[in-house]
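J.: Show me the folded form of this:
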Amino acid sequence: MVGYAEACGLEHGDVVGAIADRERVCRFEVQARAFGDQRVALHRAVDDGLGDRAIELAVRDVEQVGDLAVEAAKKALADAGKTATDVDLIIVATTTPDMTFPAVASIVQAKLGAGVGIAFDVQAVCSGFVYALSVADGFVARGLSKCALVIGAEEMTKLMDWTDRTTCVLFGDGAGAVVLEPREGQGTSDDQGMLGFALRADGSKTDLLYVDGGPSTTGTVGHLRMAGNQVFRHAVVNIAEGITAACAAANIEIADVDWFVPHQANQRIIKGVGDRLGLDENKVISTVATHANTSAASIPLALDAAIQDGRIKKGDMVLLEAMGGGLTWGACALRL
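T.: This next block holds a predicted model:
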């Protein structure tokens, strides 16, 4: 099974565009490992009795999250015309850090050779990228950062129970990075960049999607556990509400959105949200069949794919949305 892990090579996306508003500009660069056929192979390996422990060890024999994050960050900085010494803020959205501490952001800071600045992680699982963008947006808007690096990086395969066939074939690994800088605008929805956020959490639903381990409980990493049908029901309702709220915060209507880039949880949830809001399915970006569920990395991966193939273009109104464990969910409206 080591061959399957080694076959999961890195896919590199070029720059996926620039996002600017009255106070900031964001540039995206994506690096990902997509499991694709390998997920099917691992699934079959469990069926064939090759041993879930052997599969788990093979998957663990890969780069750490910090390594994926660093490579994505380097490319994002190069595209933005920046160097590591320009960076004064690093935020990493991740559920699968290299270590309990220090933060992956600190590891990235050191490996990049960035100077002393602000560096920390955000843990909101699949909603992490949207949460991290909102935090960085606040720093830049208030003049507390001139060059912020936001990264979504995950190795979800390291949380899998390879005997749980309802989850182990759904997830993948990847990383995406964004550079945010100040940029002036007119203060209207015609400006480019971050226009409005909606963030939510409901801690009463923690038992629907969680990892059954941790330093202060079992002392182990644990495995991902999910009540799929219940997560689906909450996801459709909550994400739809988040999209509506983000549009209101941006002073736009849902009909004004050119492209919806959802967290790539599964096609059923993506379709369910679209049906609830009456979205044109041709405006909804779906890459789950290619990248699987890469948690906090899934939105930048989907965004990259849609820009690379020419669907999303500069000037388009784009809406990002996600829901993850917590339960957490959120959405962000922006003009590319």
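J.: How is this protein divided into domains?
T.: Here the domain parsing of the chain from automatic domain parsing is 2-181, 193-335.
J.: and the ones you listed as TSV, adding mean pLDDT?
T.: Compiled in TSV, the domains of the chain are given as follows (pLDDT from 0 to 100):
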stretch	mean pLDDT
domain 2-181	75
domain 193-335	95
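J.: Can you add mean neighbour count and distance to residue 187 and give those domains back as JSON lines?
T.: C-beta: built from backbone N, CA, C; applies to glycine. Listed next are the domains of the chain as JSON lines, based on neighbours: other C-beta atoms under 10 Å; distance: least, C-beta to C-beta, whole Å:
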{"stretch": "domain 2-181", "mean neighbour count": "21", "distance to residue 187": "5"}
{"stretch": "domain 193-335", "mean neighbour count": "20", "distance to residue 187": "10"}
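J.: Okay, and the closest residue to residue 123 other than its chain neighbours sits in which element?
T.: Among residues not flanking residue 123 along the chain, residue 95 sits closest, at 6.1 Å (C-beta to C-beta, 6 or more residues apart in numbering). Residue 95 is part of no helix or strand when elements are defined by DSSP states H and E.
J.: Report the distance from stretch 153-160 to the chain centre.
T.: 12 Å (C-alpha atoms, centre = their mean, to the nearest Å).
J.: ok, now stretch 192-212?
T.: 12 Å.
J.: One more: stretch 281-288?
T.: With C-alpha atoms, centre = their mean, you get 16 Å for stretch 281-288.
J.: for the protein, longest helix please?
T.: The residue-count maximum for a helix in the chain (DSSP state H) belongs to helix 228-249.
J.: ok, then the element right after whichever strand or helix holds residue 175?
T.: Using DSSP H and E, residue 175 falls within strand 173-181. Scanning forward in sequence from strand 173-181 by DSSP H and E, the next helix or strand is strand 193-201.
J.: Go ahead and confirm residue 80 touches residue 183.
T.: No - counting by C-beta atoms under 8 Å, residue 80 does not reach residue 183; the two are 11.8 Å apart.
J.: Which neighbours do those two have in common?
T.: Shared contacts of residue 80 and residue 183 (C-beta atoms under 8 Å, 6 or more residues apart in numbering): none.
J.: Helices of the stretch 1-150 of the chain, residue ranges please.
T.: Residue ranges of the helices in the stretch 1-150 of the chain, as given by DSSP state H, counting those that start in this stretch, are 2-7, 36-47, 52-60, 65-80, 104-112, 128-141.
J.: before we move on, back to that, can you name every helix or strand that the strand holding residue 175 contacts?
T.: strand 25-33, helix 65-80, helix 128-141, strand 148-155, helix 298-308 (3 or more C-beta pairs under 8 Å, 6 or more residues apart in numbering; DSSP states H and E).
J.: That strand pairs with which strands?
T.: strand 25-33 (antiparallel), strand 148-155 (antiparallel) (DSSP bridges).
J.: what angle separates the shortest one from helix 104-112?
T.: Which is strand 148-155. 110 degrees (axes from the mean of the first three to the mean of the last three C-alpha atoms, to 10 degrees).
J.: Relative to the whole chain's centre, how far out is strand 148-155?
T.: For strand 148-155, the distance to the chain centre is 8 Å (C-alpha atoms, centre = their mean).
J.: tell me the angle it makes with helix 298-308.
T.: Going by the same axes, to 10 degrees, strand 148-155 makes 110 degrees with helix 298-308.
J.: For strand 148-155, output the C-alpha coordinates as CSV.
T.: Below are the C-alpha coordinates for strand 148-155, written out as CSV (Å, rounded to 0.1, in the frame of the first residue of the first chain):
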residue,chain,number,x,y,z
ALA,A,148,-1.0,39.1,5.4
LEU,A,149,-0.6,35.4,4.4
VAL,A,150,-3.7,33.2,4.8
ILE,A,151,-3.3,29.5,4.3
GLY,A,152,-5.8,26.6,4.4
ALA,A,153,-3.8,23.4,4.8
GLU,A,154,-5.0,19.9,5.7
GLU,A,155,-4.0,16.2,5.7
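J.: tell me the angle it makes with helix 128-141.
T.: Using the same axes, to 10 degrees: strand 148-155 against helix 128-141 is 170 degrees.
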